[in-house]
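[1] what shape does this take:
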Amino acid sequence: MTSKIRVEPLVSPDSSGVDFGASVSNVDIEHLNDADFAAIREALFTHQVLVFKNQAHVTPKAQYELTHRFDPAAASKYGHGDTATASKRSILHPDLRTIPHQPQVQVIGHGRVEAYEGLRDLRLRHPHHRTFHATAVPDHEDHDFTRFYRWHIDAALYGADLAPPVVTTLLAVKVPGGGRRQTCRYDDGSGDSLDVPLGTTAFVSGAAMYDALSEADKEFARTTRVEYAPHPYVWMSTARSRSDGLGLVSEGRELGVEDLPTPVEENAIQILPMCWRNPATGRLALQVHPSAVRRLHLGDGSVIDDLERVRGIVHRLQRPGIAPRRVYTHDWREGDLVLFHNRGVLHSVVGAFAEDEVRLFRQCNIAGSHFPEGPLVTEQVAVTAST
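    Residues are numbered from 1 along each chain as shown. This is a model prediction of the structure:
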């Protein structure tokens, strides 16, 4: 069987350095045959971000089945597990509502929704940078200016059976009209800013981030592993972010081990390669969740555990990759279904909504069945802190 799916690279301005993303058409997500899925899979690993228009009819079940198909050996478990969202101290807790009949699919958005997919009286909150950043855009500028909320990968980053999801799917159910735009400021002294659609999701390529490094930094990235904090989304709940959303400010505000939800399990601590290999193209992507990093394990066997230094190193390596010309900002329309390679791109929530602007999305990602491969496919890519 031959697929009739059409895949067309997204068109970027000549001044843009964005070299990823594609639109996909002539596909029926609700009745996806093997040939069509194979074409979608190849397109995802090639283009990293796929946009399907006019998919409002796609059910939560079909969304889950599409997501799960990228890693059929994975258990049917939400990518962050249960603890990360169940704890009220987790920074993820206020932003997610689980669909009762399809628990792998979450509802996110902004504003009040009377009923949706078995949920009632939803009061959704679009994450605002003032709740997480060390500084904030002044209130009187909030309508016109915004920031990247938090650059990240979708992953629990703690748990022996919670490998980072391969793919995340996002479906826009309701989007505010009017075409309002904002200026996204980095506010880091660089003067960088970006004109963005209201409530955009911003993406950057981990492969481009790696390719932009010097040869010395590439070798460092290839040979270094990142140790993430236990229960990272609770651990960082009282810390604050840099103004560019790329990692945290070191103020000693992270929670101590005694304040985390359960006794820390050493075999649940994740130590992952700094670079992850694309299974189809072989390209390396610099894939680090900058807010959750705790230690760096260097190729010579030494460990950097000074948290401020660790964050400084990671930020220096990643910051060129989020330069304005490298950021793709999706202009959401109702019915847009976006798939992104969670092991190949970083993304961030962006934007500040008014109280009466209602937005409703569905998100799905599933904890992976295996940990991502690093530069050496034969090396152990997920080890415990006690190793």
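[2] low pLDDT regions in the protein?
    Along the chain, segments meeting pLDDT under 70 span 81-90, 92-95, 377-387.
[3] nearest the middle, which residue of it would you pick?
    Residue closest to the average C-alpha location in the chain (Cα atoms, centre = their mean): residue 153, at 3.4 Å.
[4] test my guess that that residue contacts residue 287.
    Yes. Using Cβ atoms under 8 Å, residue 153 is in contact with residue 287, at 6.0 Å. For glycine as for every other residue, the C-beta is placed from the backbone atoms N, C-alpha and C.
[5] what about the helices in the stretch 151-300 of the chain?
    For the stretch 151-300 of the chain, the helices defined by DSSP state H, counting those that start in this stretch cover 206-211, 215-223, 232-235.
[6] pick the most buried one from the ones you listed.
    Ranked by mean neighbour count under mean count of other Cβ atoms under 10 Å, the helices of the stretch 151-300 of the chain are led by helix 232-235, which reaches a mean of 24.
[7] number of residues surrounding residue 100?
    10 (other Cβ atoms under 10 Å).
[8] can you check the one 5 residues further on too?
    The number of residues packed around residue 105, counting by other Cβ under 10 Å, is 23.
[9] any common contacting residues for residue 153 and residue 287?
    Residues touching both residue 153 and residue 287 (Cβ atoms under 8 Å, 6 or more residues apart in numbering): 343, 346.
[10] and the helix or strand harbouring residue 347, what does it pack onto?
    Assigned by DSSP states H and E, residue 347 belongs to strand 345-349. Packing contacts for strand 345-349, counted by 3 or more Cβ pairs under 8 Å, 6 or more residues apart in numbering; DSSP states H and E, involve strand 201-205, helix 206-211.
[11] what packs against the shortest one?
    Spelled out, that is strand 201-205. Packing partners of strand 201-205 (3+ Cβ pairs under 8 Å, 6+ apart): strand 328-330, strand 345-349.
[12] first to last residue in stretch 100-110, what's the distance?
    End-to-end distance of stretch 100-110 (Cα to Cα, to the nearest Å): 19 Å.
[13] in it, which residues are buried?
    Neighbour counts over stretch 100-110 (16 or more other Cβ atoms under 10 Å) mark 102, 104, 105, 106, 107, 108, 109, 110 as buried.
[14] which of those fall in strands?
    Those of the buried residues of stretch 100-110 mapping onto strands are 105, 106, 107, 108, 109, 110, per DSSP state E.
[15] and residue 70, what is it in contact with?
    Contacts of residue 70 by Cβ under 8 Å, 6+ apart are 41, 44, 166, 167.
[16] distance of it from residue 341?
    To residue 341, residue 70 is 9 Å away according to Cβ to Cβ, to the nearest Å.
[17] now do the SS call for residue 314.
    helix (DSSP: H, G, I helix; E, B strand; the rest coil).
[18] that one is in contact with residue 288, isn't it?
    Yes. The criterion here is Cβ under 8 Å, and residue 314 meets it with residue 288 at 5.7 Å.
[19] where along the stretch 151-300 of the chain do the strands fall?
    167-174, 181-185, 193-197, 201-205, 225-228, 240-241, 248-249, 271-273, 275-277, 284-286, 293-297 (DSSP state E, counting those that start in this stretch).
[20] ok so, going back, overlap in contacts, residue 70 and residue 341.
    By Cβ under 8 Å, 6+ apart, the residues touching both residue 70 and residue 341 are 44, 166, 167.
[21] and the angle for the helix or strand harbouring the first one with strand 167-174?
    Here residue 44 is covered by helix 34-47, with elements defined by DSSP H and E. On the basis of axes from the mean of the first three to the mean of the last three Cα atoms, to 10 degrees, helix 34-47 is oriented at 100 degrees to strand 167-174.
[22] buried sites along stretch 65-82?
    Buried residues in stretch 65-82, defined by neighbour count with 16+ other Cβ under 10 Å: 65, 66, 67, 68, 70, 71, 74, 77, 78, 79, 80.
[23] just put the residues you listed in JSON lines and tack on distance to residue 246 and secondary structure.
    Below are the buried residues of stretch 65-82 laid out as JSON lines (distance: Cβ to Cβ, whole Å; DSSP: H, G, I helix; E, B strand; the rest coil):
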{"residue": "65", "distance to residue 246": "34", "secondary structure": "helix"}
{"residue": "66", "distance to residue 246": "30", "secondary structure": "helix"}
{"residue": "67", "distance to residue 246": "27", "secondary structure": "helix"}
{"residue": "68", "distance to residue 246": "31", "secondary structure": "helix"}
{"residue": "70", "distance to residue 246": "27", "secondary structure": "coil"}
{"residue": "71", "distance to residue 246": "27", "secondary structure": "coil"}
{"residue": "74", "distance to residue 246": "29", "secondary structure": "coil"}
{"residue": "77", "distance to residue 246": "28", "secondary structure": "coil"}
{"residue": "78", "distance to residue 246": "25", "secondary structure": "strand"}
{"residue": "79", "distance to residue 246": "21", "secondary structure": "coil"}
{"residue": "80", "distance to residue 246": "21", "secondary structure": "coil"}
